[in-house]
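Undergrad: build the 3D model from these lines:
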Amino acid sequence: PAPAPAPVAPVSPAPAVNGTGRTGGLVLAKPPVRKLAKDLGVDLSTLTGSGPLGSITREDVQRAASATPAAAEPLTVSPAAPAAASFGADREQRIPVKGVRKLTAENMSRSAFTAPHVTEFLTVDVTRAMKALDRLRERREWRDVRVSPLLLVAKAVLLAVKRYPMVNSTWAGDEIVVKDYVNLGIAAATERGLIVPNIKDAGRLSLRDLADAMTALVQTAKTGKTSPADMSGGTLTITNVGVFGVDTGTPILPPGESAILAFGAVREMPWVHKGKVKPRLVTTLGLSFDHRIIDGELGSKFLRDVGDFLADPEAALLAWT
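TA: Residues are numbered from 1 along each chain as shown. Down below sits the predicted model:
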């Protein structure tokens with residue numbers, strides 16, 4: 001015979017709310033609101049709540065506190081005694097979340113909980129790369145060009161994509177869209193928040209053109225004049241956290257992209273070089289990728305290629321192009 005169904009407890013009706021923030025004599029207010037009322041000397045039972053179900057909000061308490069000044073009490077304080085710390089609303093700043101910051105937050109939250117992120121790290125001796133940049137700056141045709149380590153990182157990423165095109169793709173539900181072009185995003189910190197404009201078809205640019213495009217992109221971003229078109233259609237992104245003195249990070253994928261590379265600070269560190277410990281210029285790369293598209297082997301090979309290029313860019317250019 002079938003087992004008897006488990007008894008179901010009767011459901012009590014919701015208590016009536018009278019619009020004063022009380023249900024049958026109980027004041028409706030969250031613990032932080034109660035604490036604020038206590039700090040400001042406000043009696044919650046005298047307030048009319050403006051929140052859901054007539055609950056009392058922080059604003060109700062603050063309004064009551066400002067409308068009814070507390071009675072003065074005699075207070076004797078020794079001149080040497082420190083003033084008591086205040087932790088009320090007068091020491092808090094409220095910043096509206098809107099515009100670029102709001103859009104970035106929405107995009108990052110959606111990406112973080114949609115794509116299964118994996119992050120791998122690689123520490124690289126970039127001494128030869130830094131020397132190659134110095135030689136590049138000395139060339140007459142490059143003297144008016146902004147040459148930074150990020151330029152070599154971008155070139156390394158673009159060359160590695162040619163060897164592993166699946167890294168430059170999008171998960172589209174029932175299919176993976178592999179792109180034969182790279183709209184290279186460069187994350188830029190601005191006064192309006194983090195934005196990620198991208199260089200269209202960056203893989204077709206020469207090293208000099210790539211340098212000019214990156215300079216223009218960053219300058220435009222910092223002046224707040226980046227157009228919506230420049231921030232849409234990205235396929236692969238680099239974030240340069242090294243400019244803030246950070247070794248690396250675990251970046252979140254921009255929506256629709258399958259990989260993002262974090263480039264850390266270049267530091268002089270003890271390093272085993274040709275069998276001896278010597279001071280070398282070293283950086284750490286962090287590659288986050290969408291594990292639905294990129295498995296550990298593919299992500300590792302891509303990251304290793306980027307690292308190999310940065311370890312010896314001139315040799316890599318000869319071997320890969």
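Undergrad: tell me how far the closest residue to residue 197 other than its chain neighbours lies from residue 198.
TA: Among residues not flanking residue 197 along the chain, residue 230 sits closest, at 4.3 Å (CB to CB, 6 or more residues apart in numbering). Using the backbone N, CA and C atoms, a C-beta is placed for each residue, glycine as well. Residue 230 sits 7 Å away from residue 198, taking CB to CB, to the nearest Å as the criterion.
Undergrad: give me the common contacts of these two.
TA: Residues touching both residue 230 and residue 198 by CB atoms under 8 Å, 6 or more residues apart in numbering: residue 217.
Undergrad: longest single strand anywhere in the protein?
TA: Longest strand in the chain, counting residues (DSSP state E): strand 276-290.
Undergrad: check which helices and strands that one sits against.
TA: Applying 3 or more CB pairs under 8 Å, 6 or more residues apart in numbering; DSSP states H and E, we find strand 276-290 packed against strand 117-125, helix 127-138, strand 259-263, strand 267-273, helix 296-311.
Undergrad: closest to residue 188 out of these?
TA: Of all the helices and strands packed on strand 276-290, strand 259-263 sits nearest to residue 188, with 13.2 Å by CB to CB.
Undergrad: can you list the strands that that closest one pairs with?
TA: Strand 259-263 pairs in its sheet with strand 236-240 (parallel), strand 276-290 (antiparallel), by DSSP bridges.
Undergrad: mind checking how far residue 205 is from residue 279?
TA: 34 Å.
Undergrad: repeat that for residue 260.
TA: Residue 260 is 31 Å from residue 279, where distance means CB to CB.
Undergrad: what does residue 159 give?
TA: From residue 159 to residue 279 the distance is 28 Å (CB to CB).
Undergrad: that older thread, what's the angle between the longest strand of the chain and strand 117-125?
TA: Put simply, strand 276-290 runs at 160 degrees to strand 117-125, going by axes from the mean of the first three to the mean of the last three CA atoms, to 10 degrees.
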